[in-house]
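Colleague: Sequence plus the predicted model coming up.
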Amino acid sequence: MQSQDVASQDVAQPHTAASAGAPGPAVDVEQAEAALVEHYPRLVRLAYLVLPPGPGRGRRVLTAHALVQRALPRGRTQAPAVPAQSAGRDTDPGYALVRLEVVRTALEAGRPLRLTAWPRRAQLPPLFPQVWGLRLFPRSGGADELALDQRLATLSGPARAAYALRGLERLPDGEVRRILRTAGVDQPEAALAEANGVPAEYPLLDSPEFDPCSLHARPTDLRRRRQHTRAALAAAAALAVCGALVALPGGGWGADGAAAPVYARNPAAQAALDPARLTKVPATAWKTAARTDFSVWPARGALTGDTALLRRALAVWARPGPTVRVSATPGTPTGGPSGPPQLLYAGIVDSARVAVFYDGLRIARYAEPKDGTAGAALDFARVDGATGTEASALVLGRADGNVRYLTAPWVTGAAERDLMKPAAPATDVGLTDGVTGPLASAALRQGACTSWEVLQLTDAQGVRLSTDLGELVPAHLTAGQPGRAGEVDGAAALRDWAPFACSLAAERSAGVRSVNAWAFAAQPLPEAGGTGSWVCTRAETWRGDGTVSLAQFRTPGSRYGAVAAKGADVTACGPRDPQVLAGVLWKSGGGQWYLLAAGGRDTTSVRATGGVTASAPGALLAAKARQGAQASLKGTLAGGREIGGLR
């Protein structure tokens, strides 16, 4: 069992720089290497921020690692003076020297090649590291990180370096100016002035969006790679045949030999890229259809007739270029469509042109800026078997911490509800051609969790709740005993969810299909401490595996529940096995620690062994314990079957 502690967090504050200008002490290779190894993630992040965005995120990641790995001096070198910085780098001339080299080479890498001069090493593609068959790119951040990355992309290299040194290294302008001048920047004052044009959102620089050491891996274009492999094999075979013909007497095989063409076009693949062959469902087809899923959604949006946009979207889907940001929920293939997909939407969403398609298995969303195609994004979500509520909404776009949805044609109303305020009414957000107004996205919010906004949809069957977890398809929220769970549309279900809403943040970007909350026990606390509540929340995924069950406990008067036990890829607390047993260490008002354990109403006895030895009839157990005690739980069900504690 685990007791829960709350630790305070120290927030690092910027320091003032030491006087710059005088050279620092001499640094040998060993000292520089020690600094590089110790601060490698920060140096790679700095190089990634300074490098130009043009070659794409994958090339940018590898170049950043290569520049840092080449930053060691060849011998003893005079280091620049070191300003005071955050802990761990104070007065370290080795770090100052390596950082200066990283900034200098990153700036060189961003300069264009010239015919009149030999290219510098930093301007050439890195020999190492190299990754074959995979595209590596940092994890996608939220709307704020994306907006900052786009703003930084408009700056010059020196201005990006100035912004990164200010925000990431927390250096004053005088020290930034000195480092830029030492790195070869002719006008550091102009770089600082240009950097002033980007808002000082420095905490965002520490986000996963700009972390080249925490990466997603995706395959390269598999079909194109296969074609290149076949072409190479065909070329090798042709060379071998030519060599054999030269060695044969006479004229070889003569003019009657047959050969198949090297390249052959696949008609189905070509049809999938033709905007004229897209499936467009009539607006009223859903009213007479036998099912309610994405296949009966009509094509909506002001740009459904924009052939150029649809052709670009389909072409990027089939073969995304190196600058395209591709993301997919876990377990979702990212290959091109096997035939003409169905068009669900094409239109303007905030500051982007967006096209959304459905191919029977996946939702594919293509987005590009309104003023060009640079910075295009392609997102995939698996939706096989989605019906009803699970096929009632899709994310069209995110901006400024808000999210807009495209809703199913049978949806008659959309509202925003704070899941942590069960008594508060929902706020209508309006629907325009199936598109909602902007809703706050709790999944993308940074900092403490004080509210959790969800999407409330109304149709002929009633009210349903879904929540954004950072993916294309929102997760459906339910409440009740597994196997008999219902919609979160009543006061009791809303009260069950309220203390545990913030736990949804743990399921962000995990391909979650639905999350159910089940209040499986209420436990009187020792020493007249009131009544604690036990709730099991279970997240089901689209791919079937990766399910997560959380047993959470809340004491009277607490706003939040505490996670007492967690089980991954287990059947407990799910439709296949609607049973759960969990425990937690609790401290009474008098200072005594207790082991509290609870099971569902089918539990006839509970016993604890290990650090605490106790047993009790029924579904509840309360026994005195020591702080930090570890115990194993066993429960017996009405039919005689034993279950273990959730873990």
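Modeller: Right, received. Where do you want to start?

Colleague: tell me the SS of Glu194?
Modeller: Three-state assignment for Glu194 (DSSP: H, G, I helix; E, B strand; the rest coil): helix.

Colleague: nearest spatial neighbour of it, skipping sequence neighbours?
Modeller: Ala159 (3.8 Å; CB to CB, 6 or more residues apart in numbering). (Each C-beta comes from the backbone N, C-alpha and C, glycine too.)

Colleague: Now do whatever helix or strand the one you found lives in: which elements does it pack against?
Modeller: Here Ala159 sits within helix 157-167, counting by DSSP states H and E. Counting contacts by 3 or more CB pairs under 8 Å, 6 or more residues apart in numbering; DSSP states H and E, helix 157-167 packs against helix 40-50, helix 93-109, helix 173-182, helix 188-195.

Colleague: just checking, what packs against the third one?
Modeller: So that's helix 173-182. Helix 173-182 packs on strand 77-80, helix 93-109, helix 157-167, helix 188-195, going by 3+ CB pairs under 8 Å, 6+ apart.

Colleague: Quick one: closest of the ones you listed to His476.
Modeller: helix 157-167 (39.2 Å; CB to CB).

Colleague: Residues contacting that closest one, please?
Modeller: 46, 49-50, 52, 103, 106-107, 110-111, 152, 155, 171, 173, 175-176, 179-180, 183, 185, 187-188, 190-192, 194-195, 198, 200-202, 205 (CB atoms under 8 Å, 6 or more residues apart in numbering).

Colleague: same question, stretch 301-313
Modeller: 273, 275-276, 278, 280, 343, 345-348, 353-355, 357, 366, 368, 373, 376, 433.

Colleague: Buried residues in that stretch, which are they?
Modeller: 301, 303-304, 306, 309-310, 312-313 (16 or more other CB atoms under 10 Å).

Colleague: end to end, how far does that stretch reach?
Modeller: 15 Å (CA to CA, to the nearest Å).

Colleague: pLDDT of that stretch, averaged?
Modeller: If you average the pLDDT over stretch 301-313, you get 94.

Colleague: what do you get for stretch 483-501?
Modeller: On average, stretch 483-501 scores 91.

Colleague: Now do the contacts for Ala491.
Modeller: Here Ala491 is in contact with 422-423 (CB under 8 Å, 6+ apart).

Colleague: Regarding Glu390, what are the backbone dihedral angles?
Modeller: phi -70, psi -20 (degrees, to the nearest 10).

Colleague: these two touch, right, Gly486 and His476?
Modeller: No. The criterion here is CB atoms under 8 Å, and Gly486 misses it with His476 at 11.5 Å.

Colleague: And for Val316, the neighbour number?
Modeller: Val316 has 21 neighbours, counted by other CB atoms under 10 Å.

Colleague: Beta-bridge partners for Ala399, please?
Modeller: Asn402 (DSSP bridges).

Colleague: measure the closest residue to Asp489 other than its chain neighbours to Val473 for me?
Modeller: Leaving aside its sequence neighbours, Asp489 sits nearest to Val463 (CB to CB, 6+ apart; 4.3 Å). Per CB to CB, to the nearest Å, Val463 is found 19 Å from Val473.

Colleague: And the two? Which one has more around it.
Modeller: Val473 (25 against 16).

Colleague: Surely the more buried one and Thr389 touch.
Modeller: No. Contact between Val473 and Thr389 fails when scored by CB under 8 Å: they sit 10.8 Å apart.

Colleague: the domain parsing of this protein - what is it?
Modeller: Listed by automatic domain parsing, the domain ranges of the chain are 23-216, 272-385, 390-578.

Colleague: Now find how far off-centre the shortest one is within its chain.
Modeller: Spelled out, it's domain 272-385. Domain 272-385 sits 20 Å away from the centroid of its parent chain (CA atoms, centre = their mean, to the nearest Å).

Colleague: before we move on, what about the first one?
Modeller: For domain 23-216, the distance from its own C-alpha centre to the chain's C-alpha centre is 24 Å (CA atoms, centre = their mean).

Colleague: Tell me which helix or strand in the chain has the weakest average pLDDT.
Modeller: Every helix and strand in the chain was compared by mean pLDDT, DSSP states H and E; the lowest is helix 222-247, with a mean of 57.

Colleague: about what we covered before: which of the helices and strands packed on helix 173-182 has the lowest mean pLDDT?
Modeller: When I compare the helices and strands packed on helix 173-182, strand 77-80 is least confident, with a mean of 60.

Colleague: Show me the shaky parts of the stretch 1-150 of the chain.
Modeller: The model of the stretch 1-150 of the chain has pLDDT under 70 over residues 1-25, 55, 75-91, 113-128, 130, 132-133, 135, 137, 140-141.

Colleague: Assign a three-state SS to Lys421, would you?
Modeller: coil.

Colleague: show me the residues around it that make contact.
Modeller: 451, 498.

Colleague: Relative to Gln270, how far out is it?
Modeller: 53 Å.

Colleague: burial measure for the residue nearest to Ala485 when sequence neighbours are not counted, as a count.
Modeller: Among residues not flanking Ala485 along the chain, Thr478 sits closest, at 4.2 Å (CB to CB, 6+ apart). Thr478: 21 surrounding residues under other CB under 10 Å.

Colleague: Could you check how far Thr478 is from Leu439?
Modeller: If you go by CB to CB, the gap between Thr478 and Leu439 works out to 20 Å.

Colleague: Pro203 too?
Modeller: For Pro203, the distance to Leu439 - CB to CB - is 24 Å.

Colleague: Next: Ala367.
Modeller: Ala367 is 18 Å from Leu439, by CB to CB.

Colleague: Ala374 now?
Modeller: According to CB to CB, Ala374 and Leu439 sit 28 Å apart.

Colleague: So for the two, which residue has more residues nearby?
Modeller: The neighbour count for Ala374 versus Leu439, taken as other CB under 10 Å, is higher for Leu439 (21 against 12).

Colleague: beta partners of that one?
Modeller: The partner residues for Leu439, given DSSP bridges, come to Val403.

Colleague: Show me where the stretch 201-350 of the chain dips below the pLDDT cut-off.
Modeller: 216-269.
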